[in-house]
Structures are given as structure tokens and as C-alpha cells.
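J.: Give me a 3D structure for the following:
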Amino acid sequence: MSRTTRASAGHSAAGDSAGQGAWRWLYLAFASLAGLLGLAMAVLGVRLLLLGGTAYYLVAGLLLLGGGLLPWWRRDRLALLAFSAAVLATLVWSMVEIGGKGWLPAWGFDLAARIGLVAGLVAAAVVAFVFWRTPPGSGWRRGAVAGLGAAVASLAGLVAVHWERAEASAAGAVPEQSRATVPPGLDAGGEWAAFGGTTLGRRYSTLAQIHTGNVRDLKDAWTFRSGDVGPSEGRVFYSSQNTPIKAEDLLYTCSSSNQVHALDPGTGEVRWHFDPQVPVRSMESLFSAACRAVAYFDDGDPAGRPENVARMPSVPGVMAAVPRGGSMCHRRVFVTTPDGRLIALDAVAGFVCRGFGDNGTVDLTEGMGLRQAGFASNTSGATVAGGLLVLGQQVSDNQRRDAPSGVVRAYDARTGALRWAWDALRPDPQAPLAPGEIFPRGTPNVWNVVSADESLGLAFLGTGNPGADHWGGNRSPEEDRFTAAVVAVDLATGATRWSFTTVWHDLWDYDIGAQPMLVDVSIDGTTRRAVLQGTKGGDLFLLDAATGEPLRPVVHRAVPQDGSLPGERVAPTQPRSVFFPNLGGVPGRDPETIDGRHIWGVTPIDAALCRIGFHQRRYAGSFTPPTVDAKGIVLLPGTVGGMNWGGLGFDPVRRLVIANYSRLPNIVDMTPRAGVEDRPVGSGGARPDQPIAPHSGTPYGVNRPMWLSGLDVPCLAPPWGFIAATHIDTGELVWSKPLGTGFDTGPLGIPTRLKIPMGTPNLGGPLVTAGGLTFIAAAQDDFLRAFETATGRLLWQARLPAGGQAGAMSYEHQGRQYIAITATGHARFETTQGDYLKVFALDGATADLTGLPPRERSTVREAERENEAP
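T.: Numbering: from 1, shown residues only. This is a model prediction of the structure:
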């Protein structure tokens, strides 16, 4: 061998030696990291075991710790054996627990989180070890890399197969005999004149130009931006939550600060704009600054028709109007503001209707004794029925027992005169207030959208809680009767016709958020008008609209009693609807009950900490009483629900109720008064800045955060949100699936950019159409989706520029069907903020039914005929 060859070989050997040394240090580094993980798991595992939890964390932690220490003493075979045992133990334990709780939807995410970090560190250590102990090009090296790749591919395939099966199992069949015709006038067609389409709240459109056969061709039609992006300073949380209103030839939308825009339905061009100039201070007490809907009223006078009003330009984007005959303001749009104003605007031109109230405005603070602007205000908009504007109000939660009244008021839509004022403690809604008198303080409020059925002469209220949500030791029997209740009141007088309490002596903030929905059902061969009420607790109650009698079985089940607070009382039973599935957790006949197997984390560390927290808190299933013991209670469903303000959708032809809901737990931790430092709103307090809500006037403050890990993900294994279809006549759960992906969310708020549905918390309602489609955004990712109503198949989705925490709607303009969704995000929900209204349509203006099966084609044509009926 020449000197050159020997020198070259020497350098090569030295390089190989250096390379092998680097692999050894990598092996030691990964082994040490696994050992440190094991040490943390073992320490937490001891604590968990002492609390009665699983022994897995201690056992696996010790194995990992041993595997991390042994390489430093060159006991590599024992180290690899310990690592292998840890991975095997993790896999077996994971599968046993996941299977033991029933292979929930999205269990692949549960499995990946349980084994991912442990297996990843061990795999990295093993690969580094093989590369250290074998020469370059060795079959062992190739085998290690191939084995690692195969393991990753197998895991990905397992998750993919699971998801495919979940998608396939979601598809159900709608019984042919269930199909029914839709009485004309009950649902939205070319117009969308109220938050839920009509005052019945079905969120159903008889339009069918866009259907299951062509929805894939749906495209952007136009985009509108309001410019209302929130104040630069102050404690204000924007979330407009708006569903636009379509009436005649204009589309009306309102933003978080209650600015109203009238838009051309075909182009989005601004016809007029009204800014009520809401002070920032008045929005600070709101959970969210919202404007769910404006109200629309037409007095029927022909002088108010668009053809009888001449518009002329005044300033860019704003139109003034002059009448061709008669007086103005025959068609009106009403908007409410956080500082307590109800304002009437001319629907055609946008100016203030001076003949309404006091120069165009009704003062909603009158008789309220607010103490601070915004403490009580209307964020859901008025409901127009029987010539009246019926509106309740939000009242800032958990501030004080003597909060402003929960009164619901009805005003004359023409004059603004107060016609009646309903309250739990006012036996005569028409009795006027004496000079200086205010409405009763702290009574249950109605913060959501009011429904009405003019054929019955009734308005339907979904009530909330008295002034303190989580302590009711000083509530009156009348307050308990009207807490978390469906109340039917006479439209003309405000008198209570009937009430149905969904939660007795509610201590969990299970107020009714979803708008009551009016449906027709057949009971013993007789068609009955019914109220279907979804609740935060996951129940669907079906009640006779005229009498309040339950039309499907309701049972009263015993609930936990232990641990209640001194001076408190806990109802011994709670009503549960047993005909329909419970939609508060994983859907099923009974409410979901969790245990340690359901507790979750992205890594073993945050998972163990969440499990420790679970065992430290009190949880005995639904309706566990709030307590000061330990660290409070775990509340599931949480205060978001279950079903919330987005409401339900109903397909009257397919007889399906569409509900989206959250499966997100809260912690409710009561603090004795001596430990509460924060002052309530109205006494110098500032709601968003309070670590403990003061609950003034009770013995306790309350802290009730969402139950999140240190990585800002829920401590409950996904899914955290669902969409489900239930057959209203049979009670069958036809399909359900997780709603939402982690594309725009993730640990520590870092988006994962994964489009795999895992189910996220969601706020905003569905839109159901005669074209066989359900449109919904609502989830914590920025997408609008279209599902096949009958089966739950995802047929289309569009990227939104901001969070779609709102209800979609549909309308027709010049022969073309449009789908609209507000995309402004939700600051409290931490979704992308914006100021958008997105509108979609097909390129062509004529429905093409060739892509539909015969049965669906006939259904669409039937809906079209009904839509054309006078």
C-alpha cells in the first residue's frame, strides 16, 4: 500500500471514528432526554397513585429513567430492554384505556398523544445507538431507518383507517316514510327576515338551486369588510356573531359595535351605513361585544316599497332617500346598543326614524338601575311579531346578586311605546312602573334570541340565571321556576301562558342559550305545533307549544348531593329527555360520564398533571354541586355547553334536527368571601380583569375557567365538538361526527395546519337547505363547510379569512341563490379576528339536478314548488 493510500485510509478511519463518536453522543443525549421524561413521569406517577389514579406513569417513568441512566454505565442492552418495555407498556396501556372508554371518535389523536413523545425519544435513541455501533452502509443501519419509517407509516395508516371508518359510519339512512311536505310560509325562502330565518327559528331555507349535486362548484361571489376591528385600547372582546337579514332588495348586517350596513345582495356594494357611536366604556362589561341580528319590520304600507322611494347619492357608499308619496319609515331596521339604545332606521335609506320613541330612539336603561353602562344590554336583537319588538338582554354574569333585572320587554314597532314587561317577579307584565321604581333586581334574564308564533299568539323565551350563577341559597321559588326555563308568554299582554324548567335550581350556569325552535310533529296521528329546546346540558326537550306539556318522555333522575355549600340547597332530581340522544358529550341515550381514562394531554407530563387535577377535584357526573373543597368541581358539559346561542337547524322534509355542540369541560372553584378581592361591576370592578368573579351578595366568589393543560389544550381527550343529526319522529341518532380541525389551533396557540377532523369547541349555528345541505362554520378553524344533511358526508369547504363564529344564512337575489357567513372571529374563543362578510354562489343561475339521485331530485323539485307558492 502506498503512503498516499495509507494516509487516505488513516484519514477515513479517523473520520469514521469521529462520526461514530458523534452518534454515541447523540445516543446518550436522546437516552438522557428519555430518562428525564421518565423522572418527571415517575414523580408525577407517585402523586397520581396516592390520589387513586393509574400506576402507568410510575411504572413507565421508572423504565424510562432506567433506560436513560444505564447507557452512562455502558449497560446498553439493559437500557434498550428498559426502553422497549416502556414503549410496550405505553402501547398496551393506551389501547386498554382507549378501548375501555369505547373507542371514541378521534381516538387516533388520543393514541398519538399517549405514545408519541415516549416512542419518539426511544426511537431516536435506538437509531442513534445502531448508527454508533454499526459501520456506514451496514444492513443494521438500513434496517433501523426502514423500521422507524414503517412504524411511523403504520401509525399514520392506523389513524387514517380509523378516520375513514368513522366517516363511513357517519352515513345513515333517512327512512323513506319519514318524508313530509313543508307547509308554505314556515321557513325562509328568497328572504331571510330574522336571525333563524323566520321567528320560528328553524334555520331552514326552501331554496334548492345549490344542492348536493353541484355544491362542489360553489365559489366566492363577493366579500364585504365593515372596517369595525375593535378599539385599540380597553378591555373589549369583539365577536359580532351576526347573521345577516335579507329583506326585499337589501341585505342588512351589523358589526360588533352595532354599526349597521345595508348592502346590495348581488354585489356587496354599500347602500347605506349607520354608526351609533357606541362608547368603548359601555362594551367593557360584555362577555363579548356582539350584534347577532338586526330586526326588520314592514308595516305593509305601499309607500314604503322600494319602487316608491327614490334613492339619491349623498356621500360615497351612503344613500339618502326621499319619498315619492306618503310618509317615510314604513320599512324599518332596528338595532340595539350596549349603552342601552333601541334605534329605528329607515330600511331603504338608513336615516333615523324620528317618529319612533324619543326622536328615533327608545331608552332601554329606563327602569333598570344599571349602575354602569353595558351591565345589561341587548346583544341578540329584537324579535318582530304581532307588530311588537320583543327583546331580552344579557346581564354580566357572576358580578352581583342584585344585578340589573332580567326583564323582557315588548315595544310597539311603529311608535316605540312600551306594551308589556315580563319578569319572574312581576305578576302583571302590563303594570307601569311607579315614579322612581325599577324592575326587580337579579332576576333570570333572556340573553338569547326570542322566538314567536303569531298563529298561536305566543312568544317563547329561553331564560338564564339569576344574578349569581353558582350559588342560589337566597333565590325565591319564582326565580327557580323561571331559571333555565322555556316560557311561553302572550304576545299581546306578556302574561305567562306556561313554563317548563329544564334545570331545577341551576347552580351550573346551564342557562338556555339556544333559540327555542317551533316545529310540527305527529303525536298519535295528530299534528301538533311543538317547541324543540336544546340545552347546554345536552337535552332536546319537545314541548307542546300551546300548553308546555312534554310530547316525548321526560324523566327525573337523582343527581349528586354530596359536597354542597353551607346555606345552599341542591335539587334531588333533574329532568332529562330520554327519547332523543343526549348531545352534551359523546352522543348517546345517556349523558356522558368520564373517568381518568378520558383525561388527556399532548405529552405525558401535561396529561399526568391533568389527571392529578381530575383526582383532586370533585366529579360525580352531571350536576355535581359546586364546592370549596379540594380544587372545586369538573363541569361537563361546561358553561359553553352542549348547545348554545347558534341554535338548531331543522329539515322538515327529511325530518332531521341538526345540532352542533361543544364537549368542553370547565372547572368551577368557589372561594369564600374573605378570599375574594375583586369588586363587582357597578362598584368599581372591571369584569375581564377579574381572576375571581366577585358574586357579590353571596358568601362566595367563583373562578370557572375552561379546563386546559399547561399547553393550552383541553384536559379531556378529543373530540371537543360535534355536529349531529337526530330524527325528530323516531328519536334516532342518524349520524354524528367531530366538527372542526386543529388547522388554526394547537398547543400553546400554535396552529397544527392539520385538516384531520378532531372536533373543536364551536359557537355559531347551522343552515339547513332544501338542496339537502347543511352549511356550518362555528368551529375554531376558519372554514365554512357543507355536509350532506341525510348522511353527514362532507361535500364542500371554503377557507374563511377569519373565524366563522356566526350562523350562515341563504337568500335569493335576481334568480340566484347565495350563502352568506359573517367571519369576524371571536376574541374569547381566540379565533382569527376580522371584519368580513363572505358570500358564495354558483357561477350559473339555474339549478342543475343531473348530479342528484332520483329521490333527492324529486325532493329538491318539491321544495322549489313550495318556494314559488304564493
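
J.: Going by C-alpha atoms from here, please, whenever you check contacts or count neighbours.
T.: Will do.

J.: Low-confidence ranges, this protein, go.
T.: Low-confidence segments of the chain, defined by pLDDT under 70: 1-19, 137-185, 303-327, 844-870.

J.: repeat that with 50
T.: For the chain, the stretches with pLDDT under 50 are 1-15, 162-181, 311-326, 845-847, 850, 867-870.

J.: element containing Gly374, please.
T.: Gly374 belongs to no helix or strand when elements are defined using DSSP states H and E.

J.: Let me fix that, I meant to ask about Trp132.
T.: Element membership for Trp132, per DSSP H and E: helix 107-133.

J.: Show me what that helix is packed against.
T.: helix 3-50, helix 76-100, helix 139-170, helix 604-616 (3 or more CA pairs under 8 Å, 6 or more residues apart in numbering; DSSP states H and E).

J.: After the first one, which helix or strand is next?
T.: Which is helix 3-50. Next element after helix 3-50 (DSSP H and E): helix 56-69.

J.: And that following helix, how far out from the chain middle?
T.: With CA atoms, centre = their mean, to the nearest Å as the basis, helix 56-69 stands 40 Å off its chain's centre.

J.: How about stretch 617-630?
T.: Mean-position distance between stretch 617-630 and its chain equals 24 Å (CA atoms, centre = their mean).

J.: what's the span of that stretch from first residue to last?
T.: In stretch 617-630, first residue to last residue: 6 Å (CA to CA, to the nearest Å).

J.: Number the residues from 570 up from this point.
T.: With 570 as the first residue, the last one maps to stretch 1186-1199.

J.: Just the buried positions in that stretch, please.
T.: By neighbour count on 16 or more other CA atoms under 10 Å, the buried set for stretch 1186-1199 is 1186-1198.

J.: how about the residues you listed in a markdown table, adding distance to Arg785 and secondary structure?
T.: Shown next, in a markdown table, are the buried residues of stretch 1186-1199 (distance: CA to CA, whole Å; DSSP: H, G, I helix; E, B strand; the rest coil):
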| residue | distance to Arg785 | secondary structure |
| --- | --- | --- |
| Arg1186 | 48 | coil |
| Arg1187 | 48 | strand |
| Tyr1188 | 46 | coil |
| Ala1189 | 46 | coil |
| Gly1190 | 43 | coil |
| Ser1191 | 42 | coil |
| Phe1192 | 44 | coil |
| Thr1193 | 46 | coil |
| Pro1194 | 49 | coil |
| Pro1195 | 49 | coil |
| Thr1196 | 52 | coil |
| Val1197 | 54 | coil |
| Asp1198 | 54 | coil |
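
J.: Just the closest of those to Gly758, please.
T.: Gly758 lies nearest to Ser1191 out of the buried residues of stretch 1186-1199, by CA to CA, at 40.3 Å.

J.: Leaving out the residues flanking it, which one is nearest to Gly765?
T.: Nearest residue to Gly765 in three dimensions, chain neighbours excluded: Arg772, at 4.6 Å (CA to CA, 6 or more residues apart in numbering).

J.: before we move on, what about Ala763?
T.: Distance criterion CA to CA, 6+ apart; nearest residue to Ala763, sequence neighbours excluded, is Ile814 at 6.1 Å.

J.: Quick check: the one you found touching Arg861?
T.: No: counting by CA atoms under 8 Å, Ile814 does not reach Arg861; the two are 10.3 Å apart.

J.: So which of the two has more stuff around it?
T.: Arg861 (29 against 26; other CA atoms under 10 Å).

J.: So what does that one have for phi and psi?
T.: With angles defined as degrees, to the nearest 10, Arg861 sits at phi -60, psi -30.

J.: Distance check, it against Arg1158.
T.: Look at Arg861 and Arg1158: by CA to CA, they are 32 Å apart.

J.: Just the buried positions in stretch 1042-1050, please.
T.: For stretch 1042-1050, the buried set under the neighbour-count rule, 16+ other CA under 10 Å, comprises Gly1042, Arg1044, Glu1048, Asp1049, Arg1050.

J.: all strands for the stretch 970-1119 of the chain, in order.
T.: Assigned by DSSP state E, counting those that start in this stretch, the strands in the stretch 970-1119 of the chain fall at 977-981, 987-991, 1020-1022, 1027-1031, 1054-1059, 1065-1070, 1086-1092, 1095-1103, 1109-1113.

J.: what angle sits between the fifth one and strand 1109-1113?
T.: I take that to be strand 1054-1059. Direction vectors for strand 1054-1059 and strand 1109-1113, defined by axes from the mean of the first three to the mean of the last three CA atoms, to 10 degrees, enclose an angle of 30 degrees.

J.: pretty sure Leu1101 contacts Met1086?
T.: Yes: using CA under 8 Å, Leu1101 is in contact with Met1086, at 5.2 Å.

J.: Tell me how the protein divides into domains.
T.: 580-739, 747-1161+1205-1437 (automatic domain parsing).

J.: Distance to Gly1170 added to those, as TSV?
T.: Below are the domains of the chain laid out as TSV (distance: least, CA to CA, whole Å):
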stretch	distance to Gly1170
domain 580-739	7
domain 747-1161+1205-1437	6
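
J.: Val1171: which of those domains is closest?
T.: domain 580-739 (5.0 Å).

J.: mind pulling up the phi and psi values for the nearest residue to Gly759 once chain neighbours are set aside?
T.: In this structure, Gly759 finds its nearest non-sequential neighbour in Glu1381, 4.4 Å apart by CA to CA, 6+ apart. Dihedral angles of Glu1381 (phi, psi; degrees, to the nearest 10) stand at phi -120, psi 140.

J.: pretty sure Glu1381 is touching Tyr1387, no?
T.: Yes: using CA under 8 Å, Glu1381 is in contact with Tyr1387, at 6.1 Å.

J.: With neighbour numbers in mind, choose between these two.
T.: Using other CA under 10 Å, the more surrounded residue of Glu1381 and Tyr1387 is Tyr1387, with 23 against 19.

J.: The more buried one is in what secondary structure piece?
T.: Tyr1387 is part of strand 1385-1392 when elements are defined by DSSP H and E.

J.: Check which element follows that strand along the chain.
T.: Next element after strand 1385-1392 (DSSP H and E): strand 1405-1410.

J.: Tell me which other helices or strands that next one touches.
T.: strand 788-794, strand 1385-1392.
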